[in-house]
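> Can you look at this prediction? I've put the sequence above it.
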Amino acid sequence: MRKFSTIAVLVMLSGFLPRLVWAQAEPTLEVGALNQYLHGAITGEVAYVNGSWSGTNGIYVKRGDTVLTADNASVNPLTGEVVADGQVRIEEEGQLWAGEHIRYNFKTHIMRSEQFRTGRPPVFAAGADLGGNTTNRIYAAGHIFVTTDDVSNPAFRVRASRVIIVPGQYVEMWNAVLWAKDVPVFYFPYYKRNLGEHANNLNLVPGYRSAYGAYLLATYRWYLGDVADGNVHVDYRERRGPGAGPDVNLHLGQWGDLTAKYYYIHDRRPNDGTNGLSAFVNVPENRQRAFFSWQATPATNLNVKALLNWQSDPFVLHDFFEGDYRANPQPNTFAEVNKYWDNWSLDALATPRVNSFYNQIERLPDVQLTGFRQQIFDTPVYYESQSSVGYYRSFITYTNGLFPGTNGFYAGSAARADTYHQLLLPETFFGWLNIMPRLGGRFTYYSEENAATAGVNDETYRSVFNAGVDTSFKLSRLWPGAKSSLLQVDGLRHIMEPSVSYIFVPNPSTPPAQLPQFDSDLPGLMILPIQFPDYNNVDSIDSQNVMRFGLRNTLQTKRDGQLEDLLDWNVMLDWRLKPNSQTNTLPNFDAVPLGPQTTFNDLYSGLTFRPRSWLALESQMRYGIDDGHLHLAFHQLTFTPNERWSWGIGHWYLRQNFFGNGSGGDNFITSTLFYRLNDNWGLRAAHNFNAQDGRLQEQFYTLYRDLRSWTAALTFRVTDNGLGPEDFTIAFSFSLKATPKTHVGGDAVSPYHLVGE
C-alpha cells in the first residue's frame with residue numbers, strides 16, 4: 001500500500017505541478033489610482049466591490065508589459081476584462097491605442113472600440129469599429145485611415161473601407177484611397193504596408209554635376225521579411241551614361257549576415273576623371289565594382305569573416321561612389337577564421353590579390369596562434385606568445401604615385417614561419433609602484449625568396465631576443481569643494497599616471513636588409529609601440545635601446561550627477577639610448593630612404609578638454625625634438641549648445657616629406673555648421689580650405705525642409721582639387737520619415753549621399 005500511495009502521489013503531483021508553475025509565472029493585474037503612478041495627475045478613487053475593481057478620476061491597470069489608463073474603468077480580475085471610458089490609453093508591445101470607450105481583455109487581448117487611434121512610429125492610424133482576434137492579436141476595423149504624419153490633421157493619408165492591423169508587423173487595406181489634404185490622388189483595390197523600418201520604398205536623387213551633366217539616381221529598397229533585404233539601383237548620367245546594379249543582404253541566423261553588391265556603368269567619357277588624373281591612363285568604358293561581405297559566428301567563440309572588393313579600374317570609386325572612396329580609397333579583400341579559447345586563439349587569414357593597381361602583400365594563407373597573457377601554475381610569472389606560418393607574395397604598383405593605373409610588377413614571394421615567446425613578472429611594491437620585467441625571444445625561418453628583381457634573398461634564419469621593464473604608478477587628489485560655474489565644475493579629482501618603459505633588443509642574427517619585407521615598418525601618423533608583441537612588424541625588427549616616457553593627466557568632475565572627464569591629456573616621448581643605423585625604405589619603387597634613427601622620437605601629445613558639457617576641444621600633435629619642427633597637428637573644436645545649432649571647426653597640418661618619400665604636406669582648415677531655422681527649415685554648411693595653397697577645396701551647402709511625412713534636402717557643392725576645372729554639383733533628395741535613407745546625424749559623418757554618392 002505504501003508503494004501504491006507513493007506512486008499515486010507522484011502521479012498527482014506530475015499533473016498538478018505544471019499548473020502550479022504556470023500559475024506562479026502568470027502575471028497578475030495591478031490596479032491603482034493614476035496619481036500614484038503619474039506625478040501631477042488628479043487624485044483618483046479605486047475601490048474593490050463584489051469581486052471587481054472600479055475607479056474614477058484616473059485609474060491605472062497593468063498586467064505584464066501592457067498598461068491601461070483611463071478616466072473611469074471597471075476591472076474584472078478573474079477574466080481580465082476592462083471597460084474603460086474617457087481618455088483611454090493602452091500601451092501594448094510598443095503600440096499605443098487611444099479612444100474614449102474601449103473594452104479590453106488583458107488575458108485574451110481582445111479589444112473593441114467604436115472610435116480609436118493607434119500609433120507606433122513611424123506609422124499611425126485612426127478609425128472605427130475596432131475588433132480583435134484572441135490568438136494572433138490581429139485587429140480588424142472599418143472606415144480607417146493610415147498615415148506617417150505625426151500630427152492630428154495629417155496632410156497625406158490612406159483611407160480604406162476595411163483594414164486588418166497586426167501591431168508591429170503590417171497593415172492590410174481594401175478599397176484604399178490616397179489623399180493629399182482633401183484631394184483624392186490614387187486608388188488601391190488592395191494595399192499592404194509593413195509597419196516600421198522594413199517597408200519597401202523608392203528614393204530618387206535628381207541633380208546636375210559638371211562632371212556628369214544632369215543625372216537621376218533611383219534606388220528601390222525592398223524587404224523580404226527578416227530573411228533578406230536590399231536595393232536596386234537604376235541611374236542615368238547625361239554625359240557618362242546609364243548605370244545599374246543590385247544590393248542583396250541575407251540574414252542567416254547563426255550563419256551570420258551576407259551582403260553582395262554589383263554595379264555597372266557604361267561610361268561614355270571614362271577619361272574625364274573627376275580627380276584630374278585619369279586623363280593619363282586608359283580607363284575602360286565598361287566600369288564595374290563588385291562587393292561581397294560575410295560575417296558569422298556559427299559556433300561559440302568561432303568567427304568567420306570574408307570581404308571582397310573588386311574594381312575594374314582605380315578610379316571607379318572616386319568617380320561614382322565618393323562616400324565609399326573617402327572612407328577607404330584602397331579597400332581590402334580577405335577571408336579570415338578566428339577560434340578563441342580561454343588562453344589561446346587561432347587565426348587563419350588569406351588576402352588574395354583581386355585588383356592589379358594597388359600595392360599588396362598576398363597572404364596565402366597566414367595562420368597565427370596567439371597565447372594570451374596567462375599565469376604559469378601558481379608562480380608569479382606570466383607567459384604570452386605569438387606563432388605564425390604563411391606564404392607571402394609582394395606586388396608593387398604606381399597607383400599611389402602621380403600617374404596611377406599600371407599593373408605594376410611582381411616583387412617577390414617566400415614562406416615564413418615565426419614564433420615568439422615572452423615571460424613577464426608583474427609586481428607591485430609599496431602598494432602603489434607597478435614594475436613588470438620582460439624577457440622574450442623570437443625565431444623566424446624564411447624560405448628562398450622567389451623575386452623578379454635583383455638581390456634575391458636565400459633561405460635564412462633569424463633569431464632575436466628582447467628584454468625590458470615597464471614601470472608605472474598612479475597619484476590622485478580630490479577637491480570636493482571645488483566649484484566653477486564657468487567650467488561647470490562640481491568637485492574636482494586629479495589623476496596623474498607617470499610611466500616609463502625600457503626595451504633592449506640586441507642586433508638580430510640576420511639584419512632586416514637581408515630579409516624579405518612582408519610585414520615591414522611603414523611611417524604612420526601615430527607613434528608605434530615599442531614593446532613586443534604589440535610591435536608586430538616582424539620583418540623590420542632591429543636593435544633597440546629605448547626608453548619611452550609617458551605622462552597622463554586626467555581631471556574629473558560631476559555634471560548633472562554624472563562623472564565626466566574635464567581634461568584628459570596623454571604625453572609620450574622616446575629616448576633612444578643607442579639609435580640604430582639601419583635605413584628603412586617604403587615598399588614602393590620610388591621610395592626615398594627614411595634615414596637612420598635619431599636620438600629622440602617625436603614628442604606626442606593627445607588632449608581632450610571639455611570646459612562645458614556642450615564644448616569640446618580635441619588635439620593631437622607630434623613635435624620633432626631633434627629637428628625642432630612640428631610634424632603633425634590636428635585640432636578640433638566642437639560647439640553643441642542646444643538642438644538649434646552646432647558648429648565644428650578643425651585644423652589639420654602634416655609637414656612636407658613627413659612620410660620620407662618626397663610626399664607633399666597638408667594644411668587644412670575645416671568647418672561644419674548646422675542651424676535649424678525653425679521646426680520645418682534647417683541649414684548645413686561645410687568648408688574645407690587648403691591653407692597650403694590658399695584654395696577653398698570643397699564647399700557644401702544644404703537646405704533642409706520638413707514636409708511632415710517627408711524630409712527634403714537641396715544641396716549645392718563645389719569641389720576644386722587643384723588638378724582640373726572646378727566641379728559643381730546641385731542635387732535634390734527626399735525620403736519618407738517612415739523609411740529614412742540615413743539615420744539622424746548621418747549627414748555630418750558622410751554628406752555625400754545628399755548628392756547621391
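Noted; the coordinates are in hand. Residues are numbered from 1 along each chain as shown.

> So, low pLDDT: which residues of the stretch 351-500 of the chain?
Within the stretch 351-500 of the chain, the stretches with pLDDT under 70 are 398-410, 452-456.

> and for the strand or helix carrying Ala160, what are the contacting residues?
Element membership for Ala160 (DSSP states H and E) is strand 156-166. Strand 156-166 is contacted from outside by 118, 125, 127, 136-149, 171-180, 188, 191, 195, 708-709, using CB atoms under 8 Å, 6 or more residues apart in numbering. For glycine as for every other residue, the C-beta is placed from the backbone atoms N, C-alpha and C.

> where's the nearest residue to Lys107 once chain neighbours are set aside relative to Asp693, distance?
Spatial nearest neighbour of Lys107, excluding adjacent residues (CB to CB, 6 or more residues apart in numbering): Gly80 at 3.6 Å. Plainly put, Gly80 is 75 Å away from Asp693 if you go by CB to CB, to the nearest Å.

> neighbour count winner among the two?
Using other CB atoms under 10 Å, the more surrounded residue of Gly80 and Asp693 is Gly80, with 17 against 8.

> For that one, which residues are in contact?
Contacts of Gly80 (CB under 8 Å, 6+ apart): Leu29, Arg63, Asn105, Phe106, Lys107, Thr108.

> tell me the contacts of the fifth one?
Put plainly, it is Lys107. Arg63, Thr79, Gly80.

> Now go through those and say which are in strands.
With DSSP state E as the criterion, strands contain Arg63 from among these.

> Of the contacts of Lys107, just say which sits nearest to Gln597.
Arg63 (72.3 Å; CB to CB).

> ok, that closest one - how many residues close by?
18.

> Also Gly225?
If we define neighbours as other CB under 10 Å, then Gly225 has 10 of them.

> ok, it to Ile435 distance?
Counting by CB to CB, the separation of Gly225 from Ile435 is 59 Å.

> mean confidence for the strand holding Ala160?
For strand 156-166, mean pLDDT is 80.

> Alpha carbons only: can I get it in PDB?
What follows is strand 156-166, C-alpha atoms only, in PDB (Å, rounded to 0.1, in the frame of the first residue of the first chain):
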ATOM      1  CA  PHE A 156      -1.100  62.700 -46.500                       C
ATOM      2  CA  ARG A 157      -3.200  59.600 -45.500                       C
ATOM      3  CA  VAL A 158      -4.600  56.400 -47.000                       C
ATOM      4  CA  ARG A 159      -8.300  55.800 -46.300                       C
ATOM      5  CA  ALA A 160      -9.900  52.400 -46.600                       C
ATOM      6  CA  SER A 161     -13.300  50.700 -46.000                       C
ATOM      7  CA  ARG A 162     -11.700  47.600 -44.400                       C
ATOM      8  CA  VAL A 163      -8.400  47.200 -42.600                       C
ATOM      9  CA  ILE A 164      -6.500  44.500 -40.800                       C
ATOM     10  CA  ILE A 165      -3.800  45.600 -38.400                       C
ATOM     11  CA  VAL A 166      -1.100  43.300 -36.900                       C
END
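
> Any idea how far it is from the middle of the chain?
Computed by CA atoms, centre = their mean, to the nearest Å, the chain-centroid distance of strand 156-166 equals 37 Å.

> Show me what it pairs with in its sheet, parallel or antiparallel.
Strand 156-166 sits in its sheet next to strand 139-147 (antiparallel), strand 170-180 (antiparallel), going by DSSP bridges.

> Buried residues, stretch 541-551. List them.
Ile541, Asp542, Ser543, Gln544, Val546, Met547, Arg548, Gly550 (16 or more other CB atoms under 10 Å).

> so the last one sits right up against Met572, yeah?
Pointing back at Gly550 there. Yes. Between Gly550 and Met572 there is a contact at 4.9 Å, judged by CB atoms under 8 Å.

> now the strands for the stretch 451-600 of the chain?
Assigned by DSSP state E, counting those that start in this stretch, the stretch 451-600 of the chain shows strands spanning 460-472, 475-484, 489-505, 544-559, 562-576.

> now those strands in CSV, with distance to Leu364?
Conversion of the strands of the stretch 451-600 of the chain to CSV gives the following (distance: least, CB to CB, whole Å):
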stretch, distance to Leu364
strand 460-472, 21
strand 475-484, 51
strand 489-505, 30
strand 544-559, 31
strand 562-576, 36
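
> between the ones you listed, which one is nearest to Ala33?
strand 562-576 (33.7 Å).

> Skip ahead from that closest one and say which helix or strand is next.
Next along the chain from strand 562-576, counting by DSSP H and E, comes strand 603-612.

> residues making contact with that next one?
When contacts are defined by CB under 8 Å, 6+ apart, strand 603-612 is touched by residues 486-488, 526-527, 564-573, 616-625.

> Adjacent strands (with direction) for the helix or strand just after it?
For strand 603-612, the following helix or strand on the C-terminal side (DSSP H and E) is strand 615-623. If you go by DSSP bridges, strand 615-623 pairs up with strand 603-612 (antiparallel), strand 630-639 (antiparallel).

> buried sites along the first one?
This means strand 603-612. Leu603, Tyr604, Ser605, Gly606, Leu607, Thr608, Phe609, Arg610.

> and it, C-alpha only, in PDB?
Output in PDB follows, covering the C-alpha atoms of strand 603-612 (Å, rounded to 0.1, in the frame of the first residue of the first chain):
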ATOM      1  CA  LEU A 603      57.100  64.200 -28.700                       C
ATOM      2  CA  TYR A 604      53.500  63.100 -28.900                       C
ATOM      3  CA  SER A 605      50.600  64.900 -27.300                       C
ATOM      4  CA  GLY A 606      46.900  63.800 -27.200                       C
ATOM      5  CA  LEU A 607      44.400  66.100 -25.500                       C
ATOM      6  CA  THR A 608      40.700  66.200 -24.900                       C
ATOM      7  CA  PHE A 609      39.300  69.200 -23.000                       C
ATOM      8  CA  ARG A 610      35.600  69.700 -22.200                       C
ATOM      9  CA  PRO A 611      35.300  73.100 -20.400                       C
ATOM     10  CA  ARG A 612      31.500  72.800 -20.800                       C
END
